[in-house]
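Asker: Okay, predicted coordinates and the sequence, questions at the end:
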Amino acid sequence: MPRVALVSHSTTPRGGHVHTLGLAEALHRAGHPVHLVALGDPAAGLYRPTVAPHTVLQGPSRAGTTLEERVLAAIDLLAWGLAGRIGEFDVLHAQDCIAARATLRAREATGAPVRVLRTAHHVDDFTTPVLIDCQRRAITEPDRVLVVSEQWRTILRGEFGVAATVVPNGVDAARFPAVPVVDRAALRERVGAHGPLLLAVGGIEPRKGSVVAFRALAQLAAEADADRSPRPLLAVVGGHSFQDFAPYREAALAELPALGLQAGRDVVELGTVSDADLGAWYAAADVLAYPSLKEGFGLVAIEAMSQGLPVVASDVPVFGEYLTGGVDALLPAAGDPAALAAALHAVLTDDGLRERLRVAGAAVAARFTWDAAAARHSAIYTELAADTPPVQV
C-alpha cells in the first residue's frame, strides 16, 4: 500500500480538519499506512485524542499579522516540516490551499518521487493578488484533485479547468458519547434556554449566514413575545478560523439591539468546544439552524442528523445533493430570514414533522461513513502511486 501523509494547515475542529482526522482514523483502522501532519501547537496536539499516527508542527503566530502574511508563513513552516520527512511517503494528500502549496514546495525542494493529491473542500474568497494566485496554483498544480460534492466538481472545471473526482465526506456517529437527559437540561440551563434552543455550528461568519440567522431569530422572538411564550435562544458553537472574521462578527452582533435581541441572552457564543461538548449540544438543542450561503459539503448537517437533531439548512446546491427538502431536512431559500424563521417555527411547533426529520435524517447520515470514504481514498492512492512520478530538475 502507498504510504500516505494527510496534510492539514490547522488542528482546529473545522470541517476540513474534522474530515482529515476522520479519514486518517478510518485509513488506520483499515491497515493503510497513513500519517497526519498538521500545523498547530505541538504541546496541545490535535483537538481530540486519536489512535491515528500524527505529527503537529508549530504553526505561525497570529499576533500583528495579515491574512496574507499568515498564509505565506504557514506554507513555509509546513513545507519545511514535510521536506525533512518526505522520503517516508509515496503520496502527500493536502487538505487545503496552504497544505497544497506546502506539499508542492516540499517536493520541488527535495526532488522526491512523491505524488501530490489535493482535496478542495471549497474555494476561499481571497482578495489579494498573492493569495488569489496561491489558491489557483494549489488547485491547478497537484497531480490529482478531489472534491467532496458535485457542485464543487462543476466549479473547479469551470473556473480552473481542473477535472476533479468526487469523494463525499463521512461521519462517525459513535464519536459523540451518549448524553443523559439530566445533562441536556443542565446545558440548556447554563445558557438560559427556557424556551426553544437553536444551535448554530461554525461561528459567526459570512458564509455561515449568521446575519440571516439573527434576523430570523428576531422574527421568532417577536412572535414569542406576542404570544407571551418563552423566547428562543440561539447558541453558536465554534468561531476559531485561520481567517479573520472579526469585522463581520462585530457588525453582526452590533445589529442585535436594532433587532430587539441581546448578546448573551438571545444569542450566546460558546466558542470552540470539545467533541464531547459538541455532541452534548447536538443532543440538548431542538433544531440545527444552518443557513449557509456557501459550503463545500456541510459536514455539520450530517453530524447533527447522526445525533438525532432535526436540520434546517438552506437551498444552496450542495445541500440538495444529499438532502431532500421536507423529507430529511427543511431547506428554506438561502439569504431569506423570513423563510428561515418559518422553517424553524415549523420544526419547533410540529411534533410530527420534527420526528419525521429525525428518522429520515438518521438514515441520511448512515449513508456517509468514513470507512467507505477510506476505501475510496485507498484505491485512489494506489492509482496515483502507480503513475510515473514527475521528473524533478
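Answerer: That came in fine, so what should we check first?
Asker: these two touch, right, V147 and R118?
Answerer: No. Under the criterion of CB atoms under 8 Å, V147 is not in contact with R118, lying 9.5 Å apart. For every residue, glycine as well, the C-beta is placed using N, CA and C.
Asker: The two: who's more crowded?
Answerer: R118 (28 against 25; other CB atoms under 10 Å).
Asker: Which strands or helices does the helix or strand containing that one pack on?
Answerer: Secondary structure assignment for R118, by DSSP states H and E: strand 115-120. The criterion is 3 or more CB pairs under 8 Å, 6 or more residues apart in numbering; DSSP states H and E, and the helices and strands that strand 115-120 contacts are strand 91-94, helix 97-110, helix 129-140, strand 144-147, helix 370-386.
Asker: Single out the most deeply packed of the ones you listed.
Answerer: Ranked by mean neighbour count under mean count of other CB atoms under 10 Å, the helices and strands packed on strand 115-120 are led by strand 91-94, which reaches a mean of 28.
Asker: Counting by contacts, list what that one packs against.
Answerer: Secondary-structure packing of strand 91-94 (3+ CB pairs under 8 Å, 6+ apart): strand 4-8, helix 97-110, strand 115-120, helix 370-386.
Asker: Could you check how far the residue lying closest to L330 once chain neighbours are set aside is from A333?
Answerer: Once flanking residues are discounted, L330 sits nearest to A343: 4.1 Å by CB to CB, 6 or more residues apart in numbering. Per CB to CB, to the nearest Å, A343 is found 10 Å from A333.
Asker: Looking only at neighbour counts, state which of the two leads.
Answerer: When A343 and A333 are compared on other CB under 10 Å, the one with more neighbours turns out to be A343, at 25 against 15.
Asker: Just to be sure, the more buried one is in a strand?
Answerer: No. Assessed with DSSP: H, G, I helix; E, B strand; the rest coil, A343 is helix; it does not lie in a strand.
Asker: show me what contacts it?
Answerer: Applying CB atoms under 8 Å, 6 or more residues apart in numbering, one finds that A343 lies in contact with V312, L330, L331, P332.
Asker: And G238, by the same measure?
Answerer: With CB under 8 Å, 6+ apart as the criterion, the residues that contact G238 are P13, R14, V201, G202, G203, L270, G271, T272, V273.
Asker: Show the model's pLDDT score for it.
Answerer: You'll see G238 listed with a pLDDT of 84.
Asker: Backbone dihedrals for the residue nearest to R62 when sequence neighbours are not counted, both of them.
Answerer: What sits nearest to R62 in space, not counting adjacent residues and going by CB to CB, 6+ apart, is R70, at 6.5 Å. Summarising the backbone geometry of R70 under the convention degrees, to the nearest 10, its torsions are phi -70, psi -40.
Asker: Next, work out how far apart R70 and L234 are.
Answerer: As defined by CB to CB, R70 lies at a distance of 30 Å from L234.
Asker: Name the residue in those two with the higher neighbour count.
Answerer: Summary of the neighbour comparison: R70 and L234, criterion other CB under 10 Å, with L234 having more neighbours (26 against 19).
Asker: following the helix or strand containing F214, which helix or strand comes up?
Answerer: Here F214 is covered by helix 210-227, with elements defined by DSSP H and E. Downstream of helix 210-227, the next assigned helix or strand under DSSP H and E is strand 233-237.
Asker: helices or strands next to that next one in the packing?
Answerer: Judged by 3+ CB pairs under 8 Å, 6+ apart, the packing partners of strand 233-237 are strand 197-201, helix 210-227, strand 267-271, helix 275-284.
Asker: Run the angle between it and helix 210-227 for me.
Answerer: Angle of strand 233-237 versus helix 210-227, following axes from the mean of the first three to the mean of the last three CA atoms, to 10 degrees, is 160 degrees.
Asker: Partner strands of strand 233-237 and their direction?
Answerer: Under the criterion DSSP bridges, strand 233-237 sits next to strand 197-201 (parallel), strand 267-271 (parallel) in its sheet.
Asker: I'd like those as a markdown table, with mean pLDDT and distance to T66 appended.
Answerer: Putting these into a markdown table (pLDDT from 0 to 100; distance: least, CB to CB, whole Å) gives the following:
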| stretch | mean pLDDT | distance to T66 |
| --- | --- | --- |
| strand 197-201 | 97 | 27 |
| strand 267-271 | 94 | 24 |
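Asker: Pick the most buried one from these.
Answerer: Mean neighbours per residue, mean count of other CB under 10 Å, is largest over the strands paired with strand 233-237 for strand 197-201, with a mean of 24.
Asker: how big is the angle separating that one from helix 275-284?
Answerer: In this structure, strand 197-201 runs at an angle of 140 degrees to helix 275-284, with the same axes, to 10 degrees as the basis.
Asker: gap between strand 197-201 and the chain center?
Answerer: Taking CA atoms, centre = their mean, to the nearest Å, the mean C-alpha location of strand 197-201 is offset from the chain mean by 15 Å.
Asker: Report the backbone C-alpha coordinates of that strand in CSV.
Answerer: Taking C-alpha atoms only, strand 197-201 is exported to CSV below (Å, rounded to 0.1, in the frame of the first residue of the first chain):
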residue,chain,number,x,y,z
LEU,A,197,-32.9,26.1,21.8
LEU,A,198,-31.5,26.7,18.3
LEU,A,199,-27.9,25.5,17.6
ALA,A,200,-25.6,27.1,15.0
VAL,A,201,-22.2,25.4,14.4
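Asker: What distance do you get for L117 to E25?
Answerer: Taking CB to CB as the measure, L117 falls 18 Å from E25.
Asker: ok, these two, which is more surrounded?
Answerer: Neighbour count, other CB under 10 Å: between L117 and E25, L117 has more, with 25 against 20.
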